[in-house]
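# I'd like to go over a predicted model; first the sequence, then the structure.
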Amino acid sequence: MIIFKLILRLLLAFSLQPIFLIYAENLNNSDLIEIYEKAVNYDALLSASRFQNEATKELVNQGLSLFLPSITASAGYDENDNDRKILTPGLASNQLLSGNKADFHSYDYSITITQPLFDYSAFQQYKQIISQTNLSDKQFLQSQQDLIYRVSLVYFETLMARDEIALLQAQKKAVNEQLLDSEARFEAGLLSITDVNEAKTQMALIEAQLISAMQKLKIKRQQIKTLTGEEPGTLKGLNVSMNFEQVTSDIDEWVNLGLQNNLELGIAQDQVTIADYEISVRQADHLPTVDAIASRNRNWDKGGFPYGSTENEGIRSYSDVLGIEINIPIFSGGYTSSRVREARLLKNKTQDDAEFIKREVELKIRENFLNVQANFAEIGAYYQALVSAELSLESTQLAFQEGLRNGVEVLVAQQVLFNAKRDLLKSRYNYLIYLISLKQSTGMLTVKDIQEINQYLTVNEI
C-alpha cells in the first residue's frame with residue numbers, strides 16, 4: 001500500500017491542465033471496455049475472421065451433399081434439313097431409299113437420379129470438413145483474443161504517453177524554478193554562469209522531449225481511432241487503489257495449461273488432422289464406388305427413316321433404367337499413388353510445423369511468466385529508488401540553499417527523481433500488459449480479464 005500512497009501523492013502533485021486543454025473538445029470519458037466494444041463493431045480483422053468462420057461452416061452442407069442423391073435433366077430440340085444425291089440408279093425403285101430430301105424435327109429429354117451407396121472418399125472428405133470447421137472456430141476465437149490484446153496494449157501505451165507528458169511538464173516547472181533561483185543568485189554573485197546555462201540547457205532538452213511525447217500521444221490516439229473508427233475522449237487512468245498481485249503459480253503449470261489451450265497450437269494440431277484425412281481421401285481413389293442409378297429417356301424423331309417419306313409419323317423411342325453402377329479404378333498412370341505420397345510428405349511437414357509452434361508457445365509462455373514476475377519486483381525496486389531520489393533531492397536542495405551544492409547537482413537530482421517517477425508509473429502498465437500477454441499465450445484471455453482491470457479506471461486519476 002505504501003507504493004500506491006506514494007503514487008497518489010505524486011499524481012496529485014502534477015498539474016495536468018495543459019493535457020486536458022489539448023483535447024478539450026472531447027468531453028466524454030472513455031474506459032477500456034468502451035474502447036473494446038467499439039473495436040468489436042469496427043475492427044476489420046475481426047470482421048474478416050467472422051466472415052471466414054461463417055463461410056467455413058458452409059462446408060458442412062457441402063460435405064453432407066456428398067451422401068445425398070443428385071438429379072440431372074436434359075432436353076433437346078433439333079430442326080433437320082437434309083438433302084442427298086443418289087448415284088445408284090437401282091435405288092430409285094426402292095420406295096424407302098429413293099428419297100433425296102428430308103425436312104423434319106426431333107426432340108428428346110432425359111432424367112437421371114444417382115444415389116451414392118459406397119464412396120469412401122466422400123466419407124473421409126466429410127470428416128476432413130469437420131476438422132476444418134473446428135480449425136476455423138479456433139481462428140475466430142484467436143482473432144477475438146488478439147483484439148483484446150491490441151486494444152489493451154494501445155490503451156495502456158496511450159496512458160503511458162500521457163503520463164510522460166505530465167511528468168515532463170512537472171519537471172519543466174521544477175527546472176524553471178531552479179533557473180529563476182540560479183539567475184537570482186548569479187545576479188547576487190553567489191553562483192557562476194555555469195549553473196544558469198545548465199538550467200537553460202535542461203529546459204531546452206525538456207521542451208524537445210515534450211514535443212516528441214505529444215507527438216507520440218497523438219499517434220497513440222490515432223491508433224485507437226483506427227481500432228474504433230472515432231477519436232477517443234479523455235481516457236480513464238489507473239486508480240491508485242488497484243491491487244497488483246504477484247503470480248504465484250509454478251511456471252510449469254502455466255506451460256501445461258498453455259499446451260492444452262493455446263489457440264495457435266490448437267490450430268496447428270487441427271492442420272495435422274486435416275492433412276491426415278487428406279491422405280485417406282487420396283487413397284480412396286484406389287477404391288471402387290457404388291451408385292444406384294435410375295433414369296428415364298424419351299425421344300421423338302418426326303422424320304421417320306432419314307430419307308423416307310416426310311409424311312410418316314416418325315419414330316418414338318423410350319428407355320427406363322434402374323440399376324447399380326460400380327466404378328473400379330484400375331490404373332491411372334501412377335497419378336493416384338503419387339498424390340498419396342505427396343499427401344504423406346505434406347503431413348510430415350505439417351507435423352514439424354506443429355512441433356515448432358509447440359516449442360515457440362512454450363518459450364513465449366515462459367518469457368511472459370518471467371516478465372510478469374520481474375515486473376512485479378520492479379515496482380518495489382522503483383519505489384525504493386523513488387524514495388531515495390526524493391531524499392536525495394531534498395538534501396541537495398537544502399545544501400544548495402546553504403551554498404554547499406551548485407545548481408548542476410540540483411538539476412541532476414531532479415532528473416533522477418523524475419526518472420524514478422516515470423519508471424514507477426510505467427511499470428504499472430507494463431505489469432498489466434505482461435499479464436494479458438501471459439493469458440493470451442496460454443489461450444485463456446477473455447473479456448472478463450479486461451473487465452476486472454476496467455473496475456480500477458477513473459477519470460480523476462490522470
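Structure received. Model, not experiment: these values are computed from the prediction.

# Gln132 and Ala55 touch, don't they?
No: applying C-beta atoms under 8 Å, one finds Gln132 not in contact with Ala55, separated by 10.8 Å. (Each C-beta comes from the backbone N, C-alpha and C, glycine too.)

# Point out where the stretch 351-462 of the chain drops to low pLDDT.
459-462 (pLDDT under 70).

# 80 instead, please
Residues of the stretch 351-462 of the chain that meet the criterion pLDDT under 80 lie in 397, 400-411, 458-462.

# Let me see the domain layout of this protein.
Annotated domains of the chain cover 2-67+120-285+336-458, 68-118+288-328 [automatic domain parsing].

# Pull up the distance across the last one, start to finish.
Looking at domain 68-118+288-328, the gap from its leading to its trailing residue is 21 Å under the measure C-alpha to C-alpha, to the nearest Å.

# likewise stretch 221-239?
End-to-end distance of stretch 221-239 (C-alpha to C-alpha): 21 Å.

# quick revisit: just the domains of the chain: most buried one?
Mean neighbour count (mean count of other C-beta atoms under 10 Å) peaks for domain 2-67+120-285+336-458 among the domains of the chain, with a mean of 17.

# Which of the domains of the chain has the lowest mean pLDDT?
Of all the domains of the chain, mean pLDDT reaches its minimum on domain 68-118+288-328 (a mean of 78).

# outside of stretch 348-357, which residues touch it?
Under the criterion C-beta atoms under 8 Å, 6 or more residues apart in numbering, residues Glu264, Leu265, Ala268, Gln269, Gln271, Val272, Ala275 lie in contact with stretch 348-357.

# most centrally placed residue in the protein?
Centroid-nearest residue in the chain, with C-alpha atoms, centre = their mean: Ser143, separated by 3.6 Å.

# Next, find the distance separating it from Arg150.
According to C-beta to C-beta, to the nearest Å, Ser143 stands 10 Å off from Arg150.

# Then Ile35?
10 Å.

# residue contacts, the residue nearest to the centre of the chain?
For Ser143, the contacting residues are Leu45, Leu46, Ser49, Arg50, by C-beta under 8 Å, 6+ apart.

# Look up which helix or strand the closest residue to the first one other than its chain neighbours falls in, please.
The reference is to Leu45. The shortest distance from Leu45 to any non-neighbouring residue, by C-beta to C-beta, 6 or more residues apart in numbering, is to Ser143 (6.2 Å). Assigned by DSSP states H and E, Ser143 falls within helix 120-187.

# Give me the three-state assignment for Leu404.
Classification of Leu404 by DSSP: H, G, I helix; E, B strand; the rest coil places it in coil.

# Report the separation between it and Thr396.
Relative to Thr396, and taking C-beta to C-beta, Leu404 is found at 9 Å.

# Helices of the stretch 251-400 of the chain, start to end?
Here the stretch 251-400 of the chain has its helices, by DSSP state H, counting those that start in this stretch, at 251-261, 263-283, 335-401.

# will you turn those into JSON lines that also has distance to Phe186?
Output for these, formatted as JSON lines (distance: least, C-beta to C-beta, whole Å):
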{"stretch": "helix 251-261", "distance to Phe186": "58"}
{"stretch": "helix 263-283", "distance to Phe186": "63"}
{"stretch": "helix 335-401", "distance to Phe186": "13"}
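
# Residues touching whichever helix or strand Leu59 is part of, excluding its own?
Secondary structure assignment for Leu59, by DSSP H and E: helix 44-65. Outside of helix 44-65, the residues within contact range by C-beta under 8 Å, 6+ apart are 39-40, 122, 125-126, 129-130, 132-133, 136-137, 139-140, 142-144, 146-147.

# continuing past that helix, what's the next helix or strand?
Defined by DSSP H and E, the subsequent element after helix 44-65 is strand 70-83.

# Dump the C-alpha coordinates for that next one into CSV.
The C-alpha trace of strand 70-83 is given here as CSV (Å, rounded to 0.1, in the frame of the first residue of the first chain):
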residue,chain,number,x,y,z
SER,A,70,-28.1,-36.0,-57.3
ILE,A,71,-30.6,-35.3,-60.1
THR,A,72,-29.8,-34.2,-63.6
ALA,A,73,-32.1,-33.5,-66.5
SER,A,74,-31.5,-32.6,-70.1
ALA,A,75,-33.8,-31.8,-73.1
GLY,A,76,-33.1,-31.2,-76.8
TYR,A,77,-34.9,-30.0,-79.9
ASP,A,78,-33.5,-30.3,-83.5
GLU,A,79,-34.6,-29.0,-86.9
ASN,A,80,-33.3,-31.2,-89.7
ASP,A,81,-32.9,-30.1,-93.3
ASN,A,82,-31.2,-33.0,-95.2
ASP,A,83,-30.5,-33.3,-98.9
